[in-house]
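>>> can you look at this prediction? I've put the sequence above it.
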Amino acid sequence: MTYAYLPHTPADRAAMLDTIGVPSMDALLDHIPKALREVRLDLPRPHAEAEIQQRLARLAARNVSTSQQASFLGAGVGHRYRPAAVDQVASRSEFYTAYTPYQPEVSQGTLQAIFEFQSMICELTGMDVANASMYDGSTAVAEAALMAVRVTGRPRVLVCGSVHPEYEAVTRTYGQGPGLRIDSLPARSDLTDVAAATAALTPDTAALIVQVPGVLGTVADLSGLAEAVHAAGALLVVVADPVALGVLEAPGRWGADLVVGEAQGLGNAMSLGGPHVGFMSCREAHIRQLPGRICGMSVDAEGRPCFTLTLQTREQHIRREKAASNICTNQALNALFATIHLALLGPEGLREVATTSALRAHHLAERLIALPGCRLANPDSAFLNEFVLTLPIPAATVRDALLPMGVLAGLPLDTWWPERTHDLLIAVTEMNGAEDLEALVSGLTAVVTAQGGQRPQEALHA
Amino acid sequence: MTYAYLPHTPADRAAMLDTIGVPSMDALLDHIPKALREVRLDLPRPHAEAEIQQRLARLAARNVSTSQQASFLGAGVGHRYRPAAVDQVASRSEFYTAYTPYQPEVSQGTLQAIFEFQSMICELTGMDVANASMYDGSTAVAEAALMAVRVTGRPRVLVCGSVHPEYEAVTRTYGQGPGLRIDSLPARSDLTDVAAATAALTPDTAALIVQVPGVLGTVADLSGLAEAVHAAGALLVVVADPVALGVLEAPGRWGADLVVGEAQGLGNAMSLGGPHVGFMSCREAHIRQLPGRICGMSVDAEGRPCFTLTLQTREQHIRREKAASNICTNQALNALFATIHLALLGPEGLREVATTSALRAHHLAERLIALPGCRLANPDSAFLNEFVLTLPIPAATVRDALLPMGVLAGLPLDTWWPERTHDLLIAVTEMNGAEDLEALVSGLTAVVTAQGGQRPQEALHA
Amino acid sequence: MPELLEPVILGQGAPGRRGVVIPEAAVPAPPLSAVLPAAMLRREAPALPQQSELEIVRHYLRLSQLNHAIDKGFYPLGSCTMKYNPKVNEWAARLDGLANIHPYQPESQLQGALEIMYDLQQWLCAITGLERCSLQPAAGAHGELTGILMIKAYHQHRGDARRTRVLVPDSAHGTNPATAAVAGFEVVTVASDSRGLVDLADLKTKLDDRVAALMLTNPNTLGLFEEDILEIQEAVHAAGGLLYYDGANFNAILGTVRPGDMGFDVVHLNLHKTFSTPHGGGGPGSGPVVVGKALEPFLPVPIVARDASGNYRLDADRPLTIGRVKAFFGNFGMHVRAYAYILAHGADGLAQVSRDAVLNANYLKAQLKEPFEMPHAQPCMHEFVMSGSRQKAKGCNTLLLGKRLIDYGIHPPTIYFPLIVPEAMMIEPTETESKETLDRFVSAMRSIAREVEETPAVVQQAPHTTPIKRVDEVLAARKPVLRWRA
Amino acid sequence: MPELLEPVILGQGAPGRRGVVIPEAAVPAPPLSAVLPAAMLRREAPALPQQSELEIVRHYLRLSQLNHAIDKGFYPLGSCTMKYNPKVNEWAARLDGLANIHPYQPESQLQGALEIMYDLQQWLCAITGLERCSLQPAAGAHGELTGILMIKAYHQHRGDARRTRVLVPDSAHGTNPATAAVAGFEVVTVASDSRGLVDLADLKTKLDDRVAALMLTNPNTLGLFEEDILEIQEAVHAAGGLLYYDGANFNAILGTVRPGDMGFDVVHLNLHKTFSTPHGGGGPGSGPVVVGKALEPFLPVPIVARDASGNYRLDADRPLTIGRVKAFFGNFGMHVRAYAYILAHGADGLAQVSRDAVLNANYLKAQLKEPFEMPHAQPCMHEFVMSGSRQKAKGCNTLLLGKRLIDYGIHPPTIYFPLIVPEAMMIEPTETESKETLDRFVSAMRSIAREVEETPAVVQQAPHTTPIKRVDEVLAARKPVLRWRA
Ligand SMILES: Cc1ncc(COP(=O)(O)O)c(C=O)c1O
Ligand SMILES: Cc1ncc(COP(=O)(O)O)c(C=O)c1O
C-alpha cells in the first residue's frame, strides 16, 4: 500500500538502514520488550484521498448546519458573519504550519500578529496587557480565578449568576487543584445586584467574577461594583464579549482588574464548540502572574525594531512546578482569525455589528411578547442581543416544533437549570435578516396560538 | 455608502484634487461631451458582503451539482478527482493576483510553473515544444487548423468524425477569417478508418485533424495514418486527452505534427464549461508558427539559471497584424492547477486514474448490454472510458427518468446529432465507485424493462 | 556556477513515491492490452515527478514566494487594470453548486447558474448602453475576434463584399491589428494627432466603402478620452462602416459614460480588468461581447434567455449567428466573480470606481510631471503615459527605471507601449489603491529620478533586492530551451 | 534608524475606510442609549485599524512571508513532531456541515459530528490499548491536568488522602511538574541514570504511600525508550500509585507499541503532534485523554455514547466525573482532522509512520555522531538529543548553531531542553521528510561544524539571510513593550 505522506521507498529504507549499520528496522526496536511489540489495531483500512473526501462529505451532510436554517442560538457561541478574507489570509501555509515562535528571526509574522492581537484586546477591554491567547472563555475564567488566588493569597472566589454555567463548572474543576472554594450569587439568575454582590464579599474572597452581557443577555449597571470589591481587598474579574465591547464601556474604565472571555465571535467558525479562542488581560501590576505566552517588542543586531516572546520566566518550560500555569500550546491560529477579523471591521464595523444585533434583538423581543402567553423573563433588565422569553408551554417543545420549519428558536434553559422549563434564551446577530425574524415570529405564533386547543404538532400540519 | 474596495475618504479626495489643482472631480471629466455623462444604470443596489454570500449561496443551491448525484457525463469535460492540495496551493495570492510575467526578476514563480507545464505536456504528448496555454480544447484545435494553413500554405482542413462537434464548430467560426474550408469525414460517426481518411486527402489539405480517444470514446488503431498524411503533404493534428495519455501512446511517437486538446481534467473544476485550459504542442520545426506565450530558460547577471518569456516576436504585442495569433490573456492559473495535479499524480498515479476509469467503463458496459434492447453503438471499436449505449427507447427519456433517482446517466446524442435519438454517451471515471455503477444499472434496468408494458415514468412509481 | 533557485520538479523524487493515492478500480481487471489496440498502448511512462504531497506543496509554495502580486504590493501595470481581487468572489466561485456542474446537465439542474449568466448579460447591457450580450469569449482578444467576425458577417449578409479593411489607430493594442488580420481583413492604421487623439482629418481620408469598421479604445491607450468620438462615430457610420469598442480601458468610464451612447456598435469587456476577476499569472480572463441592434442577429450561440414563466434556457436558435467561438458557455467561473463584484457596488459604487481611478491617475501625473517627460499635458483618464527619454539621455532608459522600481517593492508599469511614445511608461494605479500607496509611489519615482542624476549605476544594475538579478532575454531567444529533458 | 519591516496595523488608515461592509439592521433603530444603562455605554472607540480590504490582506500576507513553516522547509523541532499537515484535512474541517454547527443544537441535528467524535474515541482506545476516551481537553497540558485531577479524584474516592505527591523524571517537559503543581500536588523529581533512562533505584526510594502517580514520557524526552517500563509499572502499582503517560512522544511507537500494554492507567495524546493537526503558530491543539478501567468513572463529561439503535448522544450522567475541563466538547475541528488522518493510514499505515520516524532519527544520529557530542550511544527512537558542548568550547554554543542553521533554510531544532543535557539540541525529523531532505540536513550540520572550526564569526553573527538579524531578548524582558499605544 502506498501513502501520500510517507516518502520512503523500499530502496530508501534499505540505504538508510545500511548507513545506520543495522540489518533491519526490528534491530532498531529490539531493546523494546518483545511482548509489547505484538500489536494488531482494530482500525479502518487505509483510505485513498477521494474516499476520505466522500466519507467526510457524507458525515457533514448528516448534520444540519446553521446555514440551512434560521438560527437564534447564542449562549457563549457567536453565530457571526465571517468576511471571506479572514479564512483566505489566516489559512496561508506560513501561518498554520508554523509552531510557537521560539526563533524570532524566522517567525516575525506570527510574533507581530500576536502583538497586534494583544494590542486589540487591550484596546477593547481598556486593560494594560493581554496574553497571546487561552484555550477558550471557560479556561480563561478558571485561570483568572487561580490568578486572583495567587495575587491575593485568598482561597475563595465569588461567581455571579451572570457567568456562563459551563464557565463556572470549569472553574470548579480547576479549583480542585488549589482547593479553591467557589460561592455563586445568586444561583441561576442573571440579575447582578451590586448591593447583593457587595454583601456576599468576605475577607477570604480573592475575586468577584461578573459577566457583561450576562449569560442570559442582561446588561446590568455595575457602577460602584469595583469600588466595593476593591474595598473588600478582592479583585474584580469581568467576563466580556469582545463584539459587545463595540458599544459597551471598556471594563478597564470601570475598575476591572482582569478582563477575560471568548473571542470566537471574531472571525472563527462555531465548529461544534472548538477550537475557539480565550483572551486574558490584566493591569500592569499583575503582569508577572499572567499565565500564557506574551509577545513584546525588541530590536535586532542592526537596531531594527522587531518582536519576540518575552517574560518567559513565568512559563512552564522555565519555572516548571513554580509556573503561573501549565499552558504550552494555546489557540494561536484562532487568535489570528480574530485579529484579521477585527482589522477588517475596524471600530465602526465592530460598532455596527453590535448595534445591528442589538436593534434586531429588541425589535424581535417586542414582536414576541405580543404573542399570547409570552413575556420577557427579565422585563426590567436592559439587554444587548440576547434575551430570555418565557413561554406558555415548555421551551424544548417549542424548539422541537420549529425545527421542521427550518428555525433553531434558541436554547431551552432547562439545558442548564432543570426547573426553568418554560424559558427560551434567544440570540440575534447580524446574520439574522428580516426573513429569519419572520420565520421565528410566524413559527412561534403557530405553536403558541395552537396550544389553546390542539397540541402544537397538530397545529403545524393543520 | 461605504465600499470595502474603495479606500478614499472625502478628505483623501479633497486633498488629491487640491494637489492636481482642480476644484472638483467633474473638472477632470469636463472634456467629455456633457450628454455622454448623464447616465443612470439599472443595476441592483450595493450589497454588503454577507448579502452577497447569501444571494450566491442560494443561486448555487438552485443547481444540482455532480457531488449530489452519480454522474456519467463526460463528452469533453472531465468529472475527475481533484486532490485537496491542488486548490490550496494554486490559490495562493502570489499565483492568482499576479499577471503575465513580463518582468522575470519578480515573476520566477509563475515562469517556472509555466516551464514545468510546457515540459509535462511534452512528456505526455511526445512533442518537442508546448506553449503556456490556450483558452480551451476547442480554440486550440481552431488555432492548430490556422497554424497548419500558415505552415503549408494550403486552404483546406480535413476533420475526422472523432473530433468533438463543438471543437469542429469553433474551427469553422475561426475559419471564416482566412476563408478556411473544412471537410468532415465521415459525418457524425466516430469511426476513424485510416484508408477512408487517406482517400479524402487532397493537394489542398493543410491538415488532417483526428481525436484519440474519439468524442464517442473509441480508440482506433491509427498505424499508418501519419505516413499517409505526410505523403499527401499535409500535417497530422491529434486532439488528445492528457489523462488518457497515461495509458495511450504519445502521439509524437506515431507521427503527429501537432498535439492539442483540453487539460481541464487535470485538477480543474468543471465550472459549467469554463475556465478550462487548452494545450498546444508541436515539432521543433514549427516553433515560430506556434501561437501563444512561451517560457524558456536563460541566465541572470550573476550567471544563475532562470526563466523568462521568450520568442515574443511571434506574439501580437510585437508582430501586431503579422502575429501568429491574437491571443494575449490565456488560461495561466488553470494551467497551474493542471501542473500541480500532474506533479501529485506522477506517472503511476496518472496511469492508475486512466486504468481505473477504463476498467470501470468496460465492466459497466458489459452489465448494461445484458439489459433487454441495449447494445453498444460501436461493438467492434475499442474504447477507453467512454462508450455509446444504444437504447430501446429515446436516450433523453431515459436520462430524464433517472434524474429523480440521483443519476446523471450520460449525454443523449441527439444533443449533437438530432437523428441519434436512441444513443446515450456514458463516461466512467475514478469518481464513479461501485455505488454509482449500481445506481446506473438498477436505474436503467427499471426504465428499460418497464418499457415493455408501461411508459417508463409509470414503471418508476409502480 | 549558481543553481536554479528551485530545481525543476520534473525528474525529482524516486519511483514509488506518491503525492496522492487513487482508489482501486474494484472491478474485474483484465489487462488494458486486451481491450485496446496494441499500437496505441503507451510504451514509456512520461517523466513526471514522483514525490510525496509535502515535497510538491513545498516546491510550489517556494515558487509562489518569488512572485510580486497585487495582494503583496502596488502593481500599476498600465492597460491591465490590476485592481484588488475581492476574496468573497473567490469563495463564491468555489461553491459546490457553481464549481461542480457540467455544461451538459439538463437545464432543469442549472437554473441557478443560468440565472447568474442571464443577470450578468442584462447588467453588462445596462452598463454599456447596448442591447444583447454574449458571455462566450474567453478573454479580450477572443471578444475582439468575435466582434470583428460579427462585423464581417453583417457586411456579407448585406451583400457588401467590398468592405475588406479595418481601420486601427496607431496607438491601438497589438491584439486589435492581430484580430483584424486573423479575421481576414486588411489593417489600415489611422494616425494620432498632437493631442494624442485620433487625427480626424487622417481618419476621414481613409473612410470609404472598403472600410468594414474602425476599432477604437476610449479612453485610448495614452489614457486620453477621444473627445471627438461623436464626430468620429458619425463619419464611420456615414461611410457605411461599424464602430468597435475595445473595452480594456473601460475602468475609466465604468458607470459614468456608456459606449452605446457614444455610438459604438459592438463592445468587448475584460472581466479580468474592469470587473476584478483575478489575472491569475496571465489568465483566465473573460471577454463578454455586447452589441447594438445591427449586430444582434450575428451573436455566437447559445445566449441565455428567460421564458415567460421565469425559467432560464440556452437559446441556440439564431439562424444568422457566426456560430460558436468556444466550446460550452464561456468562462463561467469569471461570470460568477463579476456578478459578485457588480452586486458589491451597484450603480453608484461602479461610478465611484471609475471616478477614483481617474482621480488616482491624475494625482500621480500631476506630481511626476516635473521630473519626467509628459507627452500630453491635458488631464488623463484612468492611466497616463509618460516618457523616460530625459532619463535615457543620462544612461537610464525606461527598462532600467522599471527595474529600479522593483527595489522599492513596486511592480514596474507597462513599458514601451503604446509604440507612438518613445521610452513609454504607462501607469494605471486603479481605484483600489490608497493615497498613502500613491504617495509612496511618487516618492519612489522621484527618488529614482534623483538616482539617475546622482548615482546612475544603482539604476543601471537594478534590481538589487530580487532573488535573481537582471535576466538575459537575448540569450533565451537565441538558444531556446523550452522544456525540461530527462 | 531602521524601521519595523511592516508597520503595526493598529493606528493605520483613516476614519471612513472600511475592510468589510455590514448589512443594515433594517429594523426600527432607537438609539442604544435608550435601551442600555448610560454608565455601560462606550465613550471612546477602540483604536482599531481603518483600512480597505486590500490593505489588510497585504499587511498579513507580507507578515506571513516572514515565517518559516513546515510547508516551506525542514522543521525538526524536537518534541513537537512537526510532521506534514495533509491538505484534505483542512478541506474536511471547513465543510459547512462540520464548521457551521453550534454545540447546543439538538443531537438529532448533530449525528454526523457525534459519529466522528465517537469513532475517534474508539480508535484512540484501540491505538493506546486503553478503555475509554474523552476528547474534551484542548491541548497536551490540558490533558495532563485532566489526567492528574482524575488521579486525585481516584485516590480521594478511595479515602486515600495521604497521596499528595507526584513523581516526575528530571528529563520531563515543563508542563508535567507545572500540571502536578496546579493540581495541588507536591512534585518529586526522579533522577535519570547514565543510560538517560529513569533510575530504577532512585524511583524505588521515592515510591511510598504518599505517591499518587508517576508521570512518564515513553520514549522519554531524550528520545530513548524506557526499557524497564514493565518493572517501573509494577513498582508504581505495588506502591498504590498510578502511571500517567505523556503522549507528546507517541509518534515513536504509534501503531507499534501501546501504553495500555505497558501498564499505564491514563494517557494524553497531542493530536497536533502525532495525528498531524496543524501547529497553527502555537495552536490550536487537542489533548484527548484515554484511561483504563480504574480511572474510567472520573472522566470529564460529556462523553459521546452510541445507543442500541445506532444513534449518537452526549452522556453526562457520570456521577464520579471530575466535571468539565472546558466548555462544550473539545476542539472538534482537530477531531475532524485526526479522523481523516487515521482514515488515510489504517493500522498498517500508522505502524509505518512510527517506523519511518524512528528510521529517520537514527539515520541523522548515525551521521552526526562524529562532529557532535552524543550523550547516549544506543539507538534512539523518533528523536535524539545531541550536545553543542564541543562547539561551545570553540565559541559557538547551541543557540548560535541553531541561528546558523536558519541560513541553510532549516528551522533550528529544540534547544536547551531537556535540561539534563548541557547545550542540548533535540532533533525530531518525523516520518514525512524524504531521504534527500535528511541528507541536506546532515551536510548543513557538518558544514556548520566546519565553520565553527574555520570561520567561527560566520556562526557567531548568524543568521545572515533573514529579514531581521539576531534579536535582543534581554531588552524585551527588561523594558517590556507588550502592546501598541495610540
Ligand atoms: C488595450 C488592450 N486591448 C486588448 C487587450 C487584450 O485583452 P486580453 O488580454 O484579455 O485578451 C489588452 C490586454 O492587456 C489591452 O490592454
Ligand atoms: C514532552 C511534552 N509534553 C507535553 C507537552 C505539552 O503539550 P501541549 O503543547 O499540547 O500543551 C509538550 C509540548 O510541546 C511536550 O513536548
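Arrived safely, thanks for sending. Residues are numbered from 1 along each chain as shown, chains lettered A, B, ... in the order given. Ligands and ions are numbered 1, 2, ... in the order given.

>>> the helices in the stretch 151-300 of chain C, which residues?
C:175-182, C:200-206, C:229-238 (DSSP state H, counting those that start in this stretch).

>>> and if you look at the stretch 251-400 of chain A?
A:316-319, A:332-368, A:395-402.

>>> what do you get for the stretch 301-450 of chain C?
For the stretch 301-450 of chain C, helices defined by DSSP H, counting those that start in this stretch occupy the ranges C:332-368, C:389-393, C:398-406, C:435-454.

>>> okay, those in a markdown table with mean neighbour count next?
To be clear about C-beta, it is placed using only N, CA and C from the backbone, and glycine gets the same treatment. Listed next are the helices of the stretch 301-450 of chain C as a markdown table, based on neighbours: other Cβ atoms under 10 Å in any protein chain shown:
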| stretch | mean neighbour count |
| --- | --- |
| helix C:332-368 | 24 |
| helix C:389-393 | 17 |
| helix C:398-406 | 23 |
| helix C:435-454 | 17 |
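
>>> what's the closest of those helices to chain A?
Checking these against chain A by Cβ to the nearest Cβ gives helix C:332-368 as the closest, at 9.8 Å.

>>> so which bits of the stretch 301-450 of chain A are right by chain B?
Applying Cβ under 8 Å from any Cβ of the partner chain, one finds that the stretch 301-450 of chain A approaches chain B through A:344, A:430-431, A:433.

>>> redo that, cut-off 10 Å
When proximity is defined by Cβ under 10 Å from any Cβ of the partner chain, the stretch 301-450 of chain A lies next to chain B at A:344, A:348-349, A:352, A:430-431, A:433, A:435.

>>> so which of the residues you listed is the most crowded?
residue A:344 (31 neighbours; other Cβ atoms under 10 Å in any protein chain shown).

>>> next, the contact list for that residue, please.
Residues in contact with residue A:344 (Cβ atoms under 10 Å, 6 or more residues apart in numbering or on different chains) are A:82-86, A:89, A:266-267, A:350, B:4, B:49, C:87, D:18-20, D:48-49, D:51-53, D:55-57.

>>> what sits closest to it if chain neighbours are left out?
Spatial nearest neighbour of residue A:344, excluding adjacent residues (Cβ to Cβ, 6 or more residues apart in numbering or on different chains): residue D:19 at 3.3 Å.

>>> where do the strands sit along chain C?
In chain C, the strands defined using DSSP state E lie at C:132-134, C:165-169, C:186-190, C:211-216, C:242-246, C:266-268, C:289-291, C:303-306, C:312-315, C:384-387, C:414-415, C:424-427.

>>> can you list the ones you listed in a markdown table and add distance to chain D and mean neighbour count?
Shown next, in a markdown table, are these (distance: least, Cβ to the nearest Cβ, whole Å; neighbours: other Cβ atoms under 10 Å in any protein chain shown):
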| stretch | distance to chain D | mean neighbour count |
| --- | --- | --- |
| strand C:132-134 | 28 | 24 |
| strand C:165-169 | 33 | 26 |
| strand C:186-190 | 38 | 18 |
| strand C:211-216 | 31 | 26 |
| strand C:242-246 | 27 | 28 |
| strand C:266-268 | 27 | 30 |
| strand C:289-291 | 28 | 29 |
| strand C:303-306 | 28 | 20 |
| strand C:312-315 | 25 | 17 |
| strand C:384-387 | 22 | 25 |
| strand C:414-415 | 21 | 21 |
| strand C:424-427 | 18 | 24 |
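
>>> among those strands, which is nearest chain B?
strand C:186-190 (4.3 Å).

>>> packing partners of the closest one?
With contacts taken as 3 or more Cβ pairs under 10 Å, 6 or more residues apart in numbering or on different chains; DSSP states H and E, strand C:186-190 sits against strand C:165-169, helix C:175-182, helix C:200-206, strand C:211-216.

>>> helix or strand with the lowest mean pLDDT in the chain?
This is for chain A. helix A:456-461 (a mean of 44; mean pLDDT, DSSP states H and E).

>>> how about the residue in the stretch 101-250 of chain C that chain D sits nearest to: what's its closest non-neighbour residue?
Nearest to chain D, among the residues of the stretch 101-250 of chain C, is residue C:112, at 16.5 Å (Cβ to the nearest Cβ). Using Cβ to Cβ, 6+ apart and skipping the chain neighbours, the partner closest in space to residue C:112 is residue B:62 (3.3 Å).

>>> am I right that that neighbour is in contact with residue C:310?
No. The criterion here is Cβ atoms under 10 Å, and residue B:62 misses it with residue C:310 at 11.9 Å.

>>> settle it for me: which of these two has more neighbours?
For residue B:62 versus residue C:310, neighbours defined as other Cβ under 10 Å are more numerous around residue B:62 (16 against 8).

>>> what backbone torsions are found at that one?
Note on residue B:62: its backbone torsions stand at phi -80, psi 0 [degrees, to the nearest 10].

>>> gap between it and residue C:205?
56 Å (Cβ to Cβ, to the nearest Å).

>>> same deal with residue A:120?
Distance, residue A:120 to residue C:205, using Cβ to Cβ: 67 Å.

>>> out of these two, which sits in the busier spot?
Set residue A:120 next to residue C:205 and count neighbours by other Cβ under 10 Å: residue A:120 wins out with 30 against 11.

>>> and the longest strand for chain A?
strand A:205-212.

>>> any idea which helix or strand comes after that one?
Per DSSP states H and E, the first helix or strand lying C-terminal to strand A:205-212 is helix A:225-231.

>>> okay if I get the strands of chain C as TSV plus mean pLDDT?
TSV is the format used below for the strands of chain C (pLDDT from 0 to 100):
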stretch	mean pLDDT
strand C:132-134	98
strand C:165-169	98
strand C:186-190	97
strand C:211-216	98
strand C:242-246	98
strand C:266-268	98
strand C:289-291	98
strand C:303-306	98
strand C:312-315	98
strand C:384-387	98
strand C:414-415	98
strand C:424-427	98
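
>>> save those as TSV, and put in distance to residue A:141 too.
Output for the strands of chain C, formatted as TSV (distance: least, Cβ to Cβ, whole Å):
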stretch	distance to residue A:141
strand C:132-134	58
strand C:165-169	71
strand C:186-190	76
strand C:211-216	68
strand C:242-246	63
strand C:266-268	61
strand C:289-291	60
strand C:303-306	56
strand C:312-315	54
strand C:384-387	59
strand C:414-415	58
strand C:424-427	55
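
>>> looking at these, which is nearest to ligand 1?
The closest of these to ligand 1 is strand C:242-246. By Cβ to the nearest ligand atom, the value is 4.7 Å.

>>> report whether the closest one contacts chain B.
No. Using Cβ under 10 Å from any Cβ, strand C:242-246 never reaches chain B; the gap is at least 11.4 Å.

>>> how far off helix C:229-238 does that strand point, in degrees?
130 degrees (axes from the mean of the first three to the mean of the last three Cα atoms, to 10 degrees).
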